[in-house]
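Peer 1: Sequence below, structure please.
(2 chains)
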Amino acid sequence: MSSQVELNYSWFKANLASLIKQHRGAHALIHDRAISGYYPSSLEAVTAGLTKFGEGNFSVEVIDDRVEDLGFYSHVGSALQA
Amino acid sequence: MLVQRCRLDQHRLIVPVSVSKPTFESGIFSQNFAQSEYRALVDTGAQRTVISRSVIAENLLMRVGHMEFGGLHGPRTHTRYLAALGLWGRRVYPADSSISYEQSEQSLFALEDPLEIVNMDDNANFDVILGFDVLKNFNFSFDHQSRLFEIQLGN
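Peer 2: This is a model prediction of the structure:
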């Protein structure tokens, strides 16, 4: 069975294009595949999620289409799996 | 001054850290570390700290979401977790003290706030990649003659 985090992420990816128009850069608190609130930082969103829904019952996604860089791991990480 | 010093190891800088799951009660996060140490690669090119899947599982870190990262083979989606992180250091005494850096006892410097980290596959070389999200909080330096890296953790 998929977790709330996975189900919310599928919903989030499907709706990212519309969310980004008004909320780029915000951190979305998601519960049961619906936005519960927008926060300036992820930690604020997680704190609200834990308070409202409890652990495992929400997720937080960044409303952005830019990718970050993981340095060493981004570029040679696959070689570490050997 | 609490500092961590390490020498280059195969052109890599590895420092000891501890990881734990932050606890949340009455709207406040707190942290309680076990004495276990993990090997952390210092990587100023990483925008975010990365922790291996086995360390995440061992410490029961809480999954909070996802994040996409660039790479040689295109973007990859990683899972984000909430973690408490501490760096181990030793106290440096004045030069005229009889206690050397190596003789002083190790202490853990815990970051005040929980940190969002992402997962990576396990590997034999290190357990954690210490990214600039953590490094930006400290002064650090590298002496090319002695090959010594030093990070200043606190007073």
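Peer 1: so how many other residues sit close to residue B:63?
Peer 2: 18 (other C-beta atoms under 10 Å in any protein chain shown). Yep, even glycine has a C-beta here, placed from its N, CA and C like the rest.
Peer 1: Okay, and it sits in which element?
Peer 2: In this assignment (DSSP states H and E), residue B:63 forms part of strand B:62-70.
Peer 1: For chain A, tell me whether that strand is touching it.
Peer 2: Yes. Looking at strand B:62-70 against chain A by C-beta under 8 Å from any C-beta of the partner chain, the contacts come from B:62, B:63, B:64, B:65, B:66, B:67, B:68, B:69, B:70.
Peer 1: Quick check: buried residues in whichever helix or strand comes after that strand?
Peer 2: Where DSSP H and E defines the elements, the next helix or strand beyond strand B:62-70 is strand B:76-91. Residues of strand B:76-91 classed as buried by neighbour count (16 or more other C-beta atoms under 10 Å in any protein chain shown): B:76, B:78-91.
Peer 1: what helices or strands is the helix or strand bottoming out on mean pLDDT in chain B leaning on?
Peer 2: Least confident helix or strand, chain B: strand B:62-70 with a mean of 91, by mean pLDDT, DSSP states H and E. Applying 3 or more C-beta pairs under 8 Å, 6 or more residues apart in numbering or on different chains; DSSP states H and E, one finds that strand B:62-70 makes contact with helix A:4-23, helix A:42-52, strand A:59-62, strand A:68-69, strand B:76-91, strand B:115-120.
Peer 1: From residue B:103, how far off is the residue nearest the centre of chain A?
Peer 2: The residue lying closest to the centre of chain A (C-alpha atoms, centre = their mean) is residue A:61, at 1.7 Å. Here the distance between residue A:61 and residue B:103 works out to 48 Å (C-beta to C-beta, to the nearest Å).
Peer 1: how distant is the longest helix along chain B from the center of its chain?
Peer 2: Ranked by number of residues, the top helix in chain B under DSSP state H is helix B:53-58. The chain centroid and the centroid of helix B:53-58 are separated by 15 Å, computed with C-alpha atoms, centre = their mean, to the nearest Å.
Peer 1: Spell out which residues of chain A are next to chain B.
Peer 2: Applying C-beta under 8 Å from any C-beta, we find that chain A lies next to chain B at A:3, A:5, A:8-9, A:42-43, A:46-47, A:49-51, A:55-56, A:59-62, A:67-75, A:77-78, A:80-81.
Peer 1: at 6 Å instead, please
Peer 2: Applying C-beta under 6 Å from any C-beta of the partner chain, we find that chain A lies next to chain B at A:5, A:9, A:42, A:46, A:50, A:55, A:59-61, A:67-75, A:80-81.
Peer 1: From those, list just the buried residues.
Peer 2: Members of those classed as buried by 16+ other C-beta under 10 Å are A:5, A:9, A:42, A:46, A:50, A:59-61, A:67-74, A:80.
Peer 1: closest point of chain A to chain B, which residue?
Peer 2: residue A:71 (3.2 Å; C-beta to the nearest C-beta).
Peer 1: now that residue: how far from residue B:133?
Peer 2: Residue A:71 sits 11 Å away from residue B:133, going by C-beta to C-beta.
Peer 1: who in chain B is up against chain A?
Peer 2: B:24, B:43, B:45-47, B:50, B:62-66, B:68-72, B:75, B:116, B:120-121, B:123, B:129.
Peer 1: do that again at 8 Å, thanks
Peer 2: Counting by C-beta under 8 Å from any C-beta, chain B sits next to chain A at B:24, B:27, B:29, B:41, B:43-48, B:50, B:62-73, B:75, B:78-80, B:82, B:113-114, B:116, B:118, B:120-121, B:123, B:125, B:129, B:131.
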